[in-house]
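Chemist: I'll drop the sequence and a predicted model, then ask my questions.
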Amino acid sequence: MKHVTFKNNQLTIVGNMYFPQDFNESLTYPAIVVGHPAGGVKEQTAGLYAERLAQLGYVTLAYDASYQGESEGQPRQLEDPHARVEDIRAAVDYFTTLSYIDNDRIGLLGICASGAYVIKAAQTDKRVKAVAGISASDIGQIFRYGWTGDQSLQDTLNTLAQVSSERTAEANGQEMQTIGFVPEADEITEETPQEMKDGHEYYRTPRANHPRANNKIPFISFDRIIEFTAFDLVSELLTQPLLVIAGSEAGTRWLTEQVYDKANEPKEVLYVEGANHFDMYDKEPYVTEAVDKMETFFKQYL
């Protein structure tokens, strides 16, 4: 594994690059950019999948998004969907500067929010030859309609009103307010949905906790998230092969079904029996089932 940096406009992005066994810099290899979930960092599920794909013969790059992890940008932990999509294009830019990357065999993989961000990026970046999403979740739709798609419009409008008030307060000197992506231990009750408890277990316990993934997002991120959509132009602009993988029990499965229905051929979908959204991040045998499917998919299209 190699620590690398590249630029997204003026920001320095930090990543970890993984290499196939017996890597030879004088040869050329297919390559895959791997994006992490919202609230995550490269050392978690993105790094796990990047390492597993490198074992299959790909050069892979898991990186921290702009404003997050080791990458530059203020305010810290800002979740800016448009910057996240540009991060992906910048990672592809970086791949093209490396002599050992075959520029005609570049793919994308994203998990959770990045599963949608890579689909969005591929719609306009035709250097990308194949794209895969695991628990792929359009973060804009989740913030507009809720985790399972049943949030009311009025609730969304109320949130936007609160964000507007918060922006005014912070512009006038109030300290920045942050919100957690998943509940903290003292916020979990009997009424907390199981999948949110699973999110807490992944991000806030030794299972996968990382000091740079601190479960804090500026509340002022919410307006730019709510207006974002990743899947609206899929049927028109996504021309590359698509693979989407989701747990059969995932609360966000409706988004996998949505993007699969919109996508053009060739497209593939895998529902991993018994897994939920967060199980797909690191649990076995679910990860291996996903990797086995990606091995066949990327071998065909990269």
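Modeler: Arrived safely, thanks for sending. Residues are numbered from 1 along each chain as shown.
Chemist: Distance-wise, check the closest residue to residue 68 other than its chain neighbours relative to residue 50.
Modeler: In space, and not counting its chain neighbours, residue 68 is closest to residue 77: 5.9 Å by Cβ to Cβ, 6 or more residues apart in numbering. (C-beta placed from N, C-alpha, C; glycine too.) Remark: distance between residue 77 and residue 50 (Cβ to Cβ, to the nearest Å) = 22 Å.
Chemist: out of these two, which sits in the more crowded spot?
Modeler: Taking neighbours as other Cβ atoms under 10 Å, residue 77 and residue 50 compare with residue 50 leading, 27 against 23.
Chemist: Need the residue closest to the centroid of the protein.
Modeler: In the chain, the centroid-proximal residue (Cα atoms, centre = their mean) is residue 114; its distance is 1.9 Å.
Chemist: Work out for me the element it sits within.
Modeler: When elements are assigned from DSSP states H and E, residue 114 belongs to helix 113-124.
Chemist: in the next helix or strand after that helix, what counts as buried?
Modeler: Counting by DSSP H and E, the next helix or strand C-terminal to helix 113-124 is strand 128-134. For strand 128-134, a neighbour-count test (16 or more other Cβ atoms under 10 Å) marks 128-134 as buried.
Chemist: Give me the residues contacting strand 128-134.
Modeler: 49, 92, 104-112, 114-116, 118-119, 121-122, 238, 240-246, 256, 259, 280, 290, 294, 297-298, 301-302 (Cβ atoms under 8 Å, 6 or more residues apart in numbering).
Chemist: Kindly report the same for stretch 169-178.
Modeler: Counting by Cβ under 8 Å, 6+ apart, 75, 77, 166, 216-220 sit against stretch 169-178.
Chemist: Now do it: distance to the chain's middle.
Modeler: 28 Å (Cα atoms, centre = their mean, to the nearest Å).
Chemist: For it, C-alpha coordinates in CSV please.
Modeler: Provided in CSV are the C-alpha atoms of stretch 169-178 (Å, rounded to 0.1, in the frame of the first residue of the first chain):
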residue,chain,number,x,y,z
ALA,A,169,-26.5,32.5,13.0
GLU,A,170,-23.1,31.3,11.9
ALA,A,171,-22.6,34.2,9.6
ASN,A,172,-23.1,36.4,12.6
GLY,A,173,-20.6,34.7,14.8
GLN,A,174,-22.3,31.6,16.3
GLU,A,175,-20.2,28.5,16.6
MET,A,176,-20.7,25.9,13.8
GLN,A,177,-23.4,23.3,14.7
THR,A,178,-22.6,19.7,13.9
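Chemist: Buried ones in that stretch, by neighbour count?
Modeler: For stretch 169-178, by 16+ other Cβ under 10 Å, it's 170, 178.
Chemist: so where's the protein uncertain?
Modeler: Across the chain, nothing is flagged by pLDDT under 70.
Chemist: how about the helices of it, start to end?
Modeler: Secondary structure of the chain (DSSP state H): helices at 45-54, 81-96, 113-124, 139-145, 153-171, 194-204, 221-226, 234-237, 253-262, 279-282, 286-301.
Chemist: Between those helices, which one is closest to residue 7.
Modeler: Of all the helices of the chain, helix 81-96 sits nearest to residue 7, with 6.4 Å by Cβ to Cβ.
Chemist: circling back: output the buried residues of strand 128-134 in CSV, with distance to residue 57 appended to each entry.
Modeler: Converted to CSV, these look like this (distance: Cβ to Cβ, whole Å):
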residue, distance to residue 57
128, 18
129, 15
130, 14
131, 18
132, 16
133, 21
134, 19
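Chemist: quick one, what contacts the nearest residue to residue 221 once chain neighbours are set aside?
Modeler: Spatially, and ignoring its direct neighbours in sequence, residue 221 is nearest to residue 79 (4.5 Å; Cβ to Cβ, 6+ apart). Contact analysis of residue 79 by Cβ under 8 Å, 6+ apart lists 38-39, 65, 67-68, 113, 139, 217, 221, 225.
Chemist: Ok, residue 290 next?
Modeler: Residues near residue 290 by Cβ under 8 Å, 6+ apart: 49, 134, 245, 270, 272, 280.
Chemist: Which one, of the helices of the chain, ends up nearest to residue 187?
Modeler: Counting by Cβ to Cβ, and looking across all of those, nearest comes helix 194-204 at 8.4 Å.
Chemist: rewinding a little: test my guess that the residue nearest to the centre of the chain contacts residue 84.
Modeler: Yes: here residue 114 reaches residue 84: they are 7.1 Å apart, a contact under Cβ atoms under 8 Å.
Chemist: how much space between residue 225 and residue 160?
Modeler: Separation of residue 225 from residue 160 (Cβ to Cβ) stands at 11 Å.
Chemist: And the two? Which one has more around it.
Modeler: Neighbour count, other Cβ under 10 Å: between residue 225 and residue 160, residue 225 has more, with 20 against 16.
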